[in-house]
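*Asks:* sequence and predicted model, in that order:
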Amino acid sequence: MADFYDIIGKTVGVIYTFEGEKAPGFKHYHIWQSDIISKWLLAIQDLKCRPLIFDVRTFVEKAISNQLPHLDFVLNLNCGGCELSPMALVPSVCGFFHIPCIPCNSSAILAGENKLISNLIAKATGIKIPRTLEEKEKGGIFRPLNLGSSIGIKREFSNNTKGLYQEFIRGYDITTPIVYNPITKRMDIMPTVLYISENNTVDWYLGESNKNSRSGFKRKTIYNLSTEVQAKFLELTQSMSINTFCRIDSRIKCSSPNEIKQLIKNPLQLQDLYFIEINPMPTVWINNAFSHSFTAIQKNDLFYNYIQQLDNFVPESNLHNFLLSSAMFALSKAM
């Protein structure tokens, strides 16, 4: 049983990206807006904790000048950087001052947000990755090295930015959220989300326009991942020192809509999956993968008991207080 009284009264520093920041190298392709930030602030209050809000520069300056008030945790909302080093700034400062950082430390950001490194780690873990193609080869898919939100993904090689040019796997995109479970006291797998295009073709992929508009596709929940797939996914998160929550994106290889129907009737096998990326700083918002997975949790799910306990502590359990509380328990355990 989770003891929520252990986290009552904790102070949580919320570090966000100030859009007017002009520091060199601080260019962003995406900044979380107030609608996302406010959900996290409400979650902190739901858990009877105290939020303290800083922009990145203020947080760093106060930390290095020894003017930072006591913080039990830091919630890092500095996302979407075009370069990885600035994205790792907040957790690096937290590591120096021994402040637990949610959702991850700097090494997880540097490894997970770099698609080349994460692909190599996934391969070493035993998860298949798409074959790397030469520039002149046709029919591949290009993914920028450090960008998220499906930005810059295209079905041809690009010279405009560094990235991975790989074989395009015909099939379907899936996303698997992985979260620390305070009941089992380990990282556990939430329901997987399958993306199906409106015309249900195996040549479709979740690109930038579809992701931004949240249109042109529907989602379906997959509850059955084989024991081997689950073990490999958990091994991958462990190898990257991710111990709160993250998201793994994969591709199911199949040749037709009929084949995918048959594949998901049974536990999804490792041989049918190709790793795409891992996101140690996933966007958590309504109507995205995490939200869909959370609402799909059933009575036989590993997280059901924890959500029942959370319901007895907060006014109403939701995705944000679920993730925040589980992360706080995870980092409290690690201290």
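*Replies:* Received it, and whenever you're ready, just let me know what you need.

*Asks:* C-alpha only now, for contacts and for neighbours.
*Replies:* Fine.

*Asks:* so which strand or helix has residue 231?
*Replies:* If you go by DSSP states H and E, residue 231 is part of helix 227-239.

*Asks:* packing partners for that helix?
*Replies:* In terms of contacts (3 or more Cα pairs under 8 Å, 6 or more residues apart in numbering; DSSP states H and E), helix 227-239 is packed against helix 115-125, strand 186-189.

*Asks:* rerun at 7 Å
*Replies:* Helix 227-239 sits against helix 115-125, with contacts defined as 3 or more Cα pairs under 7 Å, 6 or more residues apart in numbering; DSSP states H and E.

*Asks:* from the contact counts, what lies against the helix it packs on?
*Replies:* Other elements packing on helix 115-125 under the criterion 3+ Cα pairs under 7 Å, 6+ apart are helix 106-112, helix 227-239, strand 273-279.

*Asks:* how about the second one: buried residues?
*Replies:* Same thing as helix 227-239. By neighbour count on 16 or more other Cα atoms under 10 Å, the buried set for helix 227-239 is 229, 230, 232, 233, 234, 235, 236, 237.

*Asks:* can I get those residues in a markdown table with pLDDT and distance to residue 266?
*Replies:* Formatted as a markdown table, the buried residues of helix 227-239 follow (pLDDT from 0 to 100; distance: Cα to Cα, whole Å):
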| residue | pLDDT | distance to residue 266 |
| --- | --- | --- |
| 229 | 97 | 13 |
| 230 | 97 | 14 |
| 232 | 98 | 18 |
| 233 | 98 | 18 |
| 234 | 98 | 20 |
| 235 | 98 | 22 |
| 236 | 98 | 23 |
| 237 | 97 | 24 |
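
*Asks:* quick one: which of those residues is nearest residue 185?
*Replies:* Nearest to residue 185, judged by Cα to Cα, of the buried residues of helix 227-239 is residue 234 at 13.4 Å.

*Asks:* any residues touching the helix holding residue 231, and which ones?
*Replies:* Contacting residues not belonging to helix 227-239 are listed as 122, 125, 127, 269, 270 [Cα atoms under 7 Å, 6 or more residues apart in numbering].

*Asks:* so where is the protein shaky, pLDDT-wise?
*Replies:* For the chain, the stretches with pLDDT under 70 are 18-32, 80-82, 146-152, 207-215, 335.

*Asks:* how about the helices in it?
*Replies:* Listed in chain order, the helices of the chain (DSSP state H) span 34-46, 56-64, 84-87, 89-96, 106-112, 115-125, 208-213, 227-239, 257-263, 289-295, 304-311, 319-334.

*Asks:* what residues of the third one count as buried?
*Replies:* For helix 84-87, a neighbour-count test (16+ other Cα under 10 Å) marks 84, 86, 87 as buried.

*Asks:* centre of the chain versus the helix holding residue 231, how much separation?
*Replies:* Relative to its chain's centre, helix 227-239 lies at 15 Å (Cα atoms, centre = their mean, to the nearest Å).

*Asks:* just want the angle from that helix to strand 273-279.
*Replies:* With axes from the mean of the first three to the mean of the last three Cα atoms, to 10 degrees applied, the angle from helix 227-239 to strand 273-279 works out at 30 degrees.

*Asks:* most neighbours among the contacts of helix 227-239, which one is it?
*Replies:* The most crowded member of these, judged by other Cα atoms under 10 Å, is residue 122 (25 neighbours).
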